[in-house]
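Participant: Quick one, structure for this:
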Amino acid sequence: MQHSFRNPKSLLVWTLIVGSALITTAVDAAAQFRYGTPFANSVRMRRSHHASGNQVQPSSTPTWSPTFASQANLDTPPLRGGHSAVYDSNTNTMIVYGGFDGEFNMPANPLVQTNANNSGGAFAGEWTELFPDSYPNPPARYFHSAVYDETNNRMIIFGGCADAECLISLNDTWVLSNANGTGGTASWTQLTPTGSLPGARYLQNAVYDSANNRMIVFSGEMNNGSTVYSDVWVLTNANGLGGTPVWTQLSPTGTPDAIDGNTAVYDPASNKMIVFGGGNFLNSVWTLSNANGLGGTPVWTKLIGNGTAGSPAGRWIAQASYDSTNNRMTIYGGNIDAGITSPSDYDYVAASDVWVLANANGSGGTPTWTQLHPKVSGDNNVAPVGRTYFSAVYDSTTDSMIIFGGDTIEGIYWSTWVLSHANGL
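Facilitator: Predicted coordinates for the structure are as follows:
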């Protein structure tokens, strides 16, 4: 299996990116506003089992709607790939950190977008750059993970890549207070947990147990993909409040086939982490019980095997959201296998399909995939193009998945899109 940045052509592309300025051209197709660049993703020579999916239409029609948030408070458009994003439902604000822009700079300051779910109208929101009053601040990074403590308005970031070729992997943890831009000036604090630390990594997943203030980290890779992980770690007092944070590695029974580039969501009611895809273009679904390290021995359970008919095409670096009330996981995008075998060709395609998994935590009935076919709001608008290295957050109040940024071989994006009826109901 090959992993990101290990292909020689990929390394050449990244060297050119770092060594020269890129020409950025505006390519604005109504709602699709994006900047095109000659940036190319790292080539992933991966293979998947393809399966045709359930074409049943939901009772309500999912709809993609673009946002046109003002950028008057920014010096440059918010081009981002490889970043993280979290969502504050109290203020309807999306908080973005890290990643790379159209010239592969790694921005250091967080961004916030208000009216992220479009409930105030497509033009009601605005972008603002935060300038934390702390020192030191986290090293710039991409391919890291982030979770959010909404009660205390704190974003927690972990790991990632600190250099353009991802030769420097990180395992540090930082907390951004006043993360949504309200309640005071934003400020970074580095945590100093006790216990053995997880190995440095990127492309991992992290989920958050807000009731117990625990961050759960799963999988990832390091050293240009020469090392991949399938381990699970829990950080207690993850928001920096309530006591000294402690890292503990879990020892689950069972072995998932998912590794780097999977999606992960958390169901607080059952204390299960739900994992889809990743690795070698997989489309399997696994759950980890007792995922927060409490309640007994964690157990990996395979809900849907790789290659099962009716599943989405296997993919890497998709994004997922979870409706805990209805136990439904929604996935969008990522890289899928294009079936090209020539070593001189790219063998992946950035997907733009949307799928919903009912009974996603394995309870309440048989887990079942359904493909959604969203329409697009407005006149002469086009749906968001397929992408990878983007972010997705979920607003449970309006059942909306909010995607932002990302890239394909054509360029880095700066658009935000909202998918209504994201759970398919």
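
Participant: least trustworthy helix or strand in this structure by mean pLDDT?
Facilitator: Lowest mean confidence among the helices and strands of the chain (mean pLDDT, DSSP states H and E): strand 25-27, at a mean of 27.

Participant: wait, is Asn224 part of a helix?
Facilitator: Yes - checked against DSSP: H, G, I helix; E, B strand; the rest coil, Asn224 lies within a helix.

Participant: Mind pulling up the pLDDT for it?
Facilitator: pLDDT for Asn224: 74.

Participant: what lines up beside the strand or helix carrying Ile412 in the sheet?
Facilitator: Secondary structure from DSSP states H and E places Ile412 in strand 411-412. Applying DSSP bridges to the sheet, strand 411-412 is found paired with strand 407-408 (antiparallel).

Participant: Would you enumerate the residues in contact with Tyr332?
Facilitator: Taking CB atoms under 8 Å, 6 or more residues apart in numbering, we find Tyr332 in contact with Ala318, Gln319, Ala320, Ser352, Asp353, Val354, Ala392, Met401, Ile403, Leu419. C-betas here are computed from N, CA, C, even on glycine.

Participant: Need the max-distance pair from these.
Facilitator: Ala320 and Ser352 (15.0 Å; CB to CB).

Participant: Could you check which of those two is surrounded by more residues?
Facilitator: Ala320 (25 against 16; other CB atoms under 10 Å).

Participant: so that one touches Ile331, yeah?
Facilitator: Yes - with contact defined as CB atoms under 8 Å, Ala320 reaches Ile331; the gap is 4.7 Å.

Participant: can you list residues touching both of the two?
Facilitator: Common neighbours of Ala320 and Ile331 (CB under 8 Å, 6+ apart) are Thr263, Phe276.

Participant: May I have the strands that pair with the strand or helix carrying Val232, each with its orientation?
Facilitator: Secondary structure from DSSP H and E places Val232 in strand 227-236. Next to strand 227-236 in the sheet, as set by DSSP bridges, lie strand 214-222 (antiparallel), strand 247-249 (antiparallel).

Participant: Helices along the stretch 1-150 of the chain, start to end?
Facilitator: Remark: helices assigned in the stretch 1-150 of the chain by DSSP state H, counting those that start in this stretch are 8-19.

Participant: just for it, where's the confidence low?
Facilitator: Scanning the stretch 1-150 of the chain for pLDDT under 70 picks out the ranges 1-59.

Participant: Apply 50 and report the result again.
Facilitator: 1-58 (pLDDT under 50).

Participant: residues making contact with the strand holding Val232?
Facilitator: 3, 158, 173, 191, 193, 198-199, 201, 204, 212-222, 243, 245-250, 252, 255-256, 258-260, 273, 279, 288, 291-293, 298.

Participant: List the buried residues in that strand.
Facilitator: Val228, Tyr229, Ser230, Asp231, Val232, Trp233, Val234, Leu235, Thr236 (16 or more other CB atoms under 10 Å).

Participant: Quick one: distance of it to the chain centre.
Facilitator: Its chain's C-alpha centre and that of strand 227-236 lie 17 Å apart, by CA atoms, centre = their mean, to the nearest Å.

Participant: now stretch 375-393
Facilitator: 16 Å.

Participant: So for it, mean pLDDT?
Facilitator: 90.

Participant: quick one: the strands in the stretch 251-400 of the chain?
Facilitator: 263-267, 272-278, 282-288, 300-304, 315-316, 319-323, 328-332, 335-337, 348-350, 354-358, 368-372, 375-376, 391-395, 400-404 (DSSP state E, counting those that start in this stretch).

Participant: wait, which of the ones you listed is closest to Gly121?
Facilitator: Comparing those by CB to CB, strand 400-404 comes nearest, at 14.2 Å.

Participant: In terms of secondary structure, what does that closest one contact?
Facilitator: strand 93-97, strand 328-332, strand 391-395, strand 416-420 (3 or more CB pairs under 8 Å, 6 or more residues apart in numbering; DSSP states H and E).

Participant: Provide the strand pairings for it, with the direction of each partner.
Facilitator: By DSSP bridges, strand 400-404 pairs with strand 391-395 (antiparallel), strand 416-420 (antiparallel).

Participant: Could you dump the ones you listed into JSON lines with mean neighbour count and distance to Asn180 added?
Facilitator: Listed next are those as JSON lines, based on neighbours: other CB atoms under 10 Å; distance: least, CB to CB, whole Å:
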{"stretch": "strand 391-395", "mean neighbour count": "23", "distance to Asn180": "12"}
{"stretch": "strand 416-420", "mean neighbour count": "24", "distance to Asn180": "16"}
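
Participant: Including distance to Lys302, could the ones you listed go into JSON lines?
Facilitator: Supplementary listing: the strands paired with strand 400-404 in JSON lines, determined by distance: least, CB to CB, whole Å:
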{"stretch": "strand 391-395", "distance to Lys302": "24"}
{"stretch": "strand 416-420", "distance to Lys302": "28"}
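
Participant: between those strands, which gets nearest to Asp163?
Facilitator: strand 391-395 (21.2 Å).

Participant: Can you show me the CA trace of that closest one as PDB?
Facilitator: These are the backbone C-alpha positions of strand 391-395, laid out as PDB (Å, rounded to 0.1, in the frame of the first residue of the first chain):
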ATOM      1  CA  SER A 391     -13.800  20.100   6.300                       C
ATOM      2  CA  ALA A 392     -17.400  19.200   7.300                       C
ATOM      3  CA  VAL A 393     -19.300  20.200  10.400                       C
ATOM      4  CA  TYR A 394     -22.900  19.500  11.400                       C
ATOM      5  CA  ASP A 395     -25.700  21.700  12.800                       C
END
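
Participant: okay, the angle between it and strand 93-97?
Facilitator: Strand 391-395 and strand 93-97 meet at an angle of 160 degrees, taking axes from the mean of the first three to the mean of the last three CA atoms, to 10 degrees as the criterion.

Participant: Please shift the residue numbers so they start at 621 in all later answers.
Facilitator: New numbering, starting at 621: the last item is strand 1011-1015.

Participant: List buried residues within the contacts of strand 847-856.
Facilitator: 623, 778, 793, 811, 813, 818-819, 821, 824, 833-842, 865, 867-868, 870, 872, 876, 878-880, 893, 899, 908, 911-913, 918.

Participant: Excluding chain neighbours, what is closest to Tyr849?
Facilitator: Spatial nearest neighbour of Tyr849, excluding adjacent residues (CB to CB, 6 or more residues apart in numbering): Gly840 at 4.8 Å.

Participant: Next up, the contacts around that neighbour.
Facilitator: Gly779, Arg821, Tyr822, Leu823, Gln824, Asn825, Val848, Tyr849, Asp880.
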